[in-house]
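Asks: Make a model of this:
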Amino acid sequence: MVRKCNCPEHFPNWDDTDVDLAGHCILKRGIPMFINMPLAFEAYLQRQQREVENLELPERWPRFILTRTGFFRGQIIRLLEHTQSPSRHLGYLSTPFNTRAKLHNGDVGTLKKSVRALQHSIFDEGKIPQELYLSYLTCPKCAAHENMKILLLRRWVQSDRLNKLVNKRRKK
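Replies: Just a heads-up that it's a prediction; the model follows:
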């Protein structure tokens, strides 16, 4: 069944888990941003959806989109099954690509506490947080009658130095 809204039909159950996305085939598209706020977000989602449909790219989780924000530029990323395509937007995630996921119930205005909790859990294990990816599991149309859900993915890298400091602090 194809949904008329932009909510993903299925999405991974990654709440409070570490996920290694290294080597996943992705379809990425750059989007304009202004101070981390996407401009014409729906238009870029529709363009990417048309590209998926026109090239018949097999998605791992249909309509599951990761959004990476930036000050003036960002990206929307879809995880695909391993495939070959003539699209210049097709690529693979780098190795290592470790992320920690957290499911946030609420809208963007209440996201601050969840992001901080996610970041502190990564720091407490001696890892350095890097990029933040958001996946809107509830579109604005459905948010009017459902609870808004956002999946946060924070990429991290292992740090020996930070790990030593954390272990030293735990021993005290």
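
Asks: CA atoms of the longest helix seen in the chain as PDB?
Replies: The residue-count maximum for a helix in the chain (DSSP state H) belongs to helix 41-55. The C-alpha trace of helix 41-55 is given here as PDB (Å, rounded to 0.1, in the frame of the first residue of the first chain):
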ATOM      1  CA  PHE A  41      12.200  20.800   2.100                       C
ATOM      2  CA  GLU A  42       9.100  19.200   0.600                       C
ATOM      3  CA  ALA A  43      10.100  20.100  -2.900                       C
ATOM      4  CA  TYR A  44      13.500  18.300  -2.500                       C
ATOM      5  CA  LEU A  45      11.800  15.300  -0.900                       C
ATOM      6  CA  GLN A  46       9.400  15.100  -3.900                       C
ATOM      7  CA  ARG A  47      12.400  15.300  -6.400                       C
ATOM      8  CA  GLN A  48      14.200  12.600  -4.600                       C
ATOM      9  CA  GLN A  49      11.000  10.400  -4.500                       C
ATOM     10  CA  ARG A  50      10.600  10.900  -8.300                       C
ATOM     11  CA  GLU A  51      14.200   9.900  -8.800                       C
ATOM     12  CA  VAL A  52      13.700   6.700  -6.700                       C
ATOM     13  CA  GLU A  53      10.500   5.900  -8.700                       C
ATOM     14  CA  ASN A  54      11.900   6.800 -12.200                       C
ATOM     15  CA  LEU A  55      15.100   4.800 -11.700                       C
END
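
Asks: helices and strands around that helix, which ones?
Replies: Counting by 3 or more C-beta pairs under 8 Å, 6 or more residues apart in numbering; DSSP states H and E, the packing neighbours recorded for helix 41-55 are strand 25-34, strand 73-80. All C-beta atoms are positioned from the backbone trio N, CA, C, and that covers glycine.

Asks: Deepest-packed of those, please.
Replies: Most buried of those by mean neighbour count (mean count of other C-beta atoms under 10 Å) is strand 73-80; its value is a mean of 20.

Asks: That one packs against which elements?
Replies: Counting contacts by 3+ C-beta pairs under 8 Å, 6+ apart, strand 73-80 packs against strand 25-34, helix 41-55, strand 65-68.

Asks: tell me which residues of stretch 120-127 are tucked away?
Replies: Of the residues in stretch 120-127, 121-123, 126-127 count as buried by neighbour count, 16 or more other C-beta atoms under 10 Å.
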